[in-house]
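Visitor: dropping the sequence and predicted coords here.
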Amino acid sequence: MNLFQNAKFFTTVNHLKDLPDTPAEIAFVGRSNAGKSSAINTLTNHTRLAYVSKTPGRTQHINFFELSDGNFMVDLPGYGYAQVPEAVRAHWVNLLGDYLQKRSQLIGLILIMDARHPLKELDLRMLDFFHATGRPVHILLSKADKLSKNEQIKTLSAVKKSLKSYAERQAVSVQLFSSLKKQGMDEVNAVVGEWFAVRNSGETNVEG
């Protein structure tokens, strides 16, 4: 089952006070040009649900999409791209940071990294930053089709090894992903489905 199938655009937010009331949501984040928009479009089977641009840093707002089960997915601004006005960059850094650490409906983070250039400094800083929430992170090593099968295996193994210290303090998982080849879609669905199931189970227990 594809949880992301039939996702529909819901709203765009530029200020925390405008965040919608949702039951639960997962967010996609990554360095600019890491393949985030392409991953979202592939998972949702929609060619332009998330805007794909050859100009990194195009997403400067928080975009909400409603899933068919009533939960939400969120497309966050790409980080690490400085060629925008300083005032704009500062605003979206603050918006991103406040959302990640203060949003109670956020149950997990999908972190996109280019499989050819994983675990850059800003990616590690994102892991450190999100650690305070105690919520899980699932890493997609995107553009895996750019690597040979042997390189894919080596890259995945190396990233898992590098993440050991992070995985000791928070739930961190990682997989290969290719938007072009539709590689890794079932794995993403399984991880996110489990996150939502745990959230719903928790709410049921509280109510019961």
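Guide: Yes, it's here. Numbers count the residues shown, from 1 in each chain.
Visitor: buried residues in whichever helix or strand residue 90 is part of?
Guide: Counting by DSSP states H and E, the element that carries residue 90 is helix 86-102. Neighbour-count burial for helix 86-102, counted by 16 or more other CB atoms under 10 Å, picks out 89, 91-92, 95-96, 99-100. C-beta here means a position set from N, CA and C on the backbone, and glycine is covered the same way.
Visitor: dump those residues into a markdown table; add pLDDT and distance to residue 116 as well.
Guide: Formatted as a markdown table, the buried residues of helix 86-102 follow (pLDDT from 0 to 100; distance: CB to CB, whole Å):
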| residue | pLDDT | distance to residue 116 |
| --- | --- | --- |
| 89 | 71 | 25 |
| 91 | 76 | 30 |
| 92 | 72 | 26 |
| 95 | 86 | 29 |
| 96 | 87 | 24 |
| 99 | 93 | 28 |
| 100 | 94 | 25 |
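Visitor: tell me the SS of residue 12?
Guide: strand (DSSP: H, G, I helix; E, B strand; the rest coil).
Visitor: okay, and the beta partners of it?
Guide: Counting by DSSP bridges, residue 12 forms beta bridges with residue 63.
Visitor: wait, doesn't it sit right on residue 65?
Guide: No. Judged on CB atoms under 8 Å, residue 12 makes no contact with residue 65 at a distance of 10.5 Å.
Visitor: show me what the longest helix seen in the chain is in contact with.
Guide: Secondary structure assigned by DSSP state H gives helix 185-207 as the longest helix of the chain. With CB atoms under 8 Å, 6 or more residues apart in numbering as the test, helix 185-207 has contacts from 1-4, 24, 26, 42-43, 69, 71, 107-108, 110, 136, 138, 140, 173, 175, 177.
Visitor: in which helix or strand would I find the spatially most central residue of the chain?
Guide: Nearest to the geometric centre of the chain sits residue 28, at 2.0 Å (CA atoms, centre = their mean). Residue 28 is located in strand 25-30, with elements delineated by DSSP H and E.
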